[in-house]
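>>> Sharing a sequence plus its predicted fold:
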Amino acid sequence: MLEAVLRRIEAEDAEESVWIVGPATGRMLHWLIRVAQPMAVLEIGTSVGYSALWMAAALEANKAGELWTIESHAQRYERAQSNFEESGLTHRIHSLNGHAPEIFELETGIPQQVDFVFLDATKMEHASYFEAVIPRLKPGSFLVVDNVLSHRSGPMQEFIANLHRDARLKVVEISVGDGLLIARTETV
Ligand SMILES: C[S@@+](CC[C@H](N)C(=O)[O-])C[C@H]1O[C@@H](n2cnc3c(N)ncnc32)[C@H](O)[C@@H]1O
């Protein structure tokens, strides 16, 4: 059932892009979550739920953990809801319609402490998402950022450089999909 939903979203995205990460990054996120075994995953930028489904499937395989995913666009949020229902993984997913980071101030049930964060929303706003999530990350948690190769200019370039300089993080970048930055929190 999950595979069918993923293939349909890929086909829909080929017709009209909703900026999904694609299968290579989806598999990488799945693999990271299988290895890291996080209990609370936070995604900023659900779109129609493609990357969320890869991550929720990994949590299901781990037999533990939940995902909170945030989307500001009402129509894509609705499409994600329907994709989550069709996948049979809704027990792992909390889907929120709102704008990050402001949504963190609301009573949405997002845990105070999370141990895996995936940033995939407006590239210009990454620094503000980071400031909002870093106090929520325990030592040994993961922060993953998409598009570090495809959008490596302007504010995104500065954001990436700041992460590399941040003493609280150990950062690697890998050329999977549009480029992934993977950081592990060391001292926060
Ligand atoms: C690149 S797409 C996400 C793709 C998704 N992660 C996937 O691979 O399936 C980015 C999404 O982030 C949403 N977005 C942009 N800024 C946002 C914000 N500040 N808070 C929540 N969602 C946001 C956009 O509406 C868009 O649907």
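Perfect, I can see it now.
>>> Please count neighbours and contacts with C-alpha atoms only from this point.
Will do.
>>> Just want the phi and psi numbers for H94.
Main-chain dihedrals, H94, degrees, to the nearest 10: phi -110, psi 110.
>>> Surely it is in contact with E71?
No: counting by C-alpha atoms under 8 Å, H94 does not reach E71; the two are 11.2 Å apart.
>>> So between the two, which is more surrounded?
Ranked by neighbour count (other C-alpha atoms under 10 Å), H94 and E71 place E71 first, with 24 against 17.
>>> which ones are touching that one?
Going by C-alpha atoms under 8 Å, 6 or more residues apart in numbering, E71 touches 44-47, 77, 95-99.
>>> what do you get if the cut-off is 6 Å, keeping everything else the same?
Shown in contact with E71 (C-alpha atoms under 6 Å, 6 or more residues apart in numbering): 45-46, 77, 97-98.
>>> Can you list the low-confidence ranges for this protein?
187-188 (pLDDT under 70).
>>> can you tell me which strand in it is longest?
Scanning the chain for the strand with the most residues, using DSSP state E, yields strand 137-146.
>>> for the next helix or strand along the chain from that strand, packing partners?
Counting by DSSP states H and E, the element after strand 137-146 in chain order, helix or strand, is helix 154-165. Packing partners of helix 154-165 (3 or more C-alpha pairs under 6 Å, 6 or more residues apart in numbering; DSSP states H and E): none among the helices and strands.
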